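S.K.: need a structure here:
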Amino acid sequence: MVSFLAGLLDATVQAATVLLLAGLGELISERAGVLNLGVEGMMLVGALGGFIVTVVTGSYWLGFAAGIVLGMVLALVHAFLCITLKSNQVISGVMLTLLGTGITTFFGSAWVEESIDGFPQIAIPVLVDIPVVGEAFFRSTATDYLALFMVVVVWYFLNHSNLGLEMISVGEDPEMADTMGVSVFRLRYLAVLIGGGFAGAAGAHLSLAFSQLWVPGMTAGRGWIAVALVIFAQWRPRRMLVGAYLFGLLDALQLRSQSLSLTLGPDAPLASLINPVVEFLMTPQIMGTYPYLATIVVLAYAVIRTKSDRLAVPSALLQSYSRETD
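M.R.: I've put the predicted structure just below:
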């Protein structure tokens, strides 16, 4: 059981990093008032671009940087459509997800059979020897550590820096922020670009550290889960950390639970009734739906909380801004 828990925790950390990076980027974008539903497409572009650059150059750090840049390029399209042209943010985001999926499927077909040596695991002496949690938290890739560090950075940036506070004001009351001399358009562009960079980093981590290969559609809906995580976290970075690990646990369970037997012995009461249900719920196909079922629950919860005015939704989220002129 101890080895199972250690393996499960290790898989949870790996799965959570992808969600954490993408979720932090989406959180920044939404705090500035721009919803980005193109996270999935940006992750795919970052994953493929990072993988190709790593194969060509042999440097996974260059590949990781390329993933970030490509995520920002796709985010720039979203910013231009939604901020400059004032297009519908939902439609633009969905379109970019479809665009990213199509581009990576077409150009990525030639790279499916390639293999790389991605980010190696880094062990922290002494701490790695802690039972159960040591291997999971203190023998990880550089991008796993980076994701945890970025939680602190994003929290400090949004709550204790002038730029972050201005960005929040733009997402809450853009007219007032504009009156106070804050550039609404500049900060919204910056927030969307930062969000795209995080999404690209999440995709690059997926192909360079998590799986170390490229497969079309390899994000498998994680971008949508990252969007739901922002709601779960109520737009707060620290809660994002908890949510990412909870969803990462659900993702890891479908891989690790196959070696765990939860059925009752044949002589146990109601074993004939309970065992078939447990076996059904533990099948890989059913367990693969758990993260997405949890996403639905989070979204339903958000609707209920919003109606009761207890959810900290940025006031100007989804609202385009036009500067009034005399």
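S.K.: looking at this protein, which helix or strand does the model trust least?
M.R.: Ranked by mean pLDDT, DSSP states H and E, the weakest helix or strand in the chain is helix 271-281, scoring a mean of 63.
S.K.: quick one, phi/psi of Ala233?
M.R.: Here is the backbone geometry of Ala233 (degrees, to the nearest 10): phi -80, psi 0.
S.K.: ugh, wrong one, Ile122
M.R.: According to degrees, to the nearest 10, Ile122 has phi -120, psi 120.
S.K.: distance of it from Asp144?
M.R.: For Ile122, the distance to Asp144 equals 9 Å [CB to CB, to the nearest Å]. (C-beta placed from N, C-alpha, C; glycine too.)
S.K.: try Gln234
M.R.: For Gln234, the distance to Asp144 equals 25 Å [CB to CB].
S.K.: ok, now Ile83?
M.R.: 33 Å.
S.K.: Ala123 too?
M.R.: Ala123 is 12 Å from Asp144, by CB to CB.
S.K.: Give me the more crowded residue out of those two.
M.R.: Asp144 (24 against 14; other CB atoms under 10 Å).
S.K.: Go ahead and list the helix or strand containing the more buried one.
M.R.: Using DSSP states H and E, Asp144 maps to helix 142-160.
S.K.: just how off-centre is that helix within its chain?
M.R.: Its chain's average C-alpha position is 14 Å from that of helix 142-160, according to CA atoms, centre = their mean, to the nearest Å.
S.K.: list the buried ones in that helix?
M.R.: Ala142, Thr143, Asp144, Leu146, Ala147, Leu148, Met150, Val151, Val154, Trp155, Phe157, Leu158 (16 or more other CB atoms under 10 Å).
S.K.: which non-adjacent residue is nearest the third one?
M.R.: The reference is to Asp144. Counting by CB to CB, 6 or more residues apart in numbering, Asp144 lies nearest to Thr17, which is 4.9 Å off, once chain neighbours are set aside.
S.K.: Helix or strand: which one has Ala202?
M.R.: Ala202 belongs to helix 184-205 when assigned by DSSP H and E.
S.K.: Using CSV, list the CA coordinates for that helix.
M.R.: Output of helix 184-205 as CSV, limited to C-alpha atoms (Å, rounded to 0.1, in the frame of the first residue of the first chain):
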residue,chain,number,x,y,z
VAL,A,184,-6.8,49.3,-20.2
PHE,A,185,-5.8,48.1,-23.6
ARG,A,186,-2.1,47.7,-22.8
LEU,A,187,-2.8,45.8,-19.6
ARG,A,188,-5.4,43.5,-21.2
TYR,A,189,-3.0,42.7,-24.1
LEU,A,190,-0.3,42.0,-21.5
ALA,A,191,-2.5,39.7,-19.5
VAL,A,192,-3.6,37.7,-22.5
LEU,A,193,0.0,37.3,-23.7
ILE,A,194,1.1,36.2,-20.3
GLY,A,195,-1.7,33.7,-20.2
GLY,A,196,-0.8,32.4,-23.6
GLY,A,197,2.8,32.0,-22.5
PHE,A,198,1.7,30.0,-19.5
ALA,A,199,-0.5,27.8,-21.7
GLY,A,200,2.4,27.3,-24.1
ALA,A,201,4.6,26.3,-21.2
ALA,A,202,2.1,23.8,-20.0
GLY,A,203,2.0,22.2,-23.4
ALA,A,204,5.8,22.2,-23.6
HIS,A,205,6.0,20.5,-20.2
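S.K.: what angle sits between it and helix 142-160?
M.R.: Per axes from the mean of the first three to the mean of the last three CA atoms, to 10 degrees, the angle that helix 184-205 makes with helix 142-160 is 160 degrees.
S.K.: just checking, next helix/strand downstream of helix 184-205?
M.R.: Counting by DSSP H and E, what follows helix 184-205 is helix 222-232.
S.K.: List the contacts of Leu99.
M.R.: Contacts for Leu99 were tallied using CB atoms under 8 Å, 6 or more residues apart in numbering; they are Gly38, Gly41, Leu74.
S.K.: Now it. Its backbone dihedrals?
M.R.: For Leu99, the backbone dihedrals (degrees, to the nearest 10) come out as phi -60, psi -50.
S.K.: what's the spacing between it and Ala110?
M.R.: For Leu99 relative to Ala110 (CB to CB), the value is 19 Å.
S.K.: in which helix or strand would I find Ile28?
M.R.: Per DSSP H and E: helix 2-31 holds Ile28.
S.K.: Enumerate the positions of that helix that are buried.
M.R.: Buried residues in helix 2-31, counted by 16+ other CB under 10 Å: 6-31.
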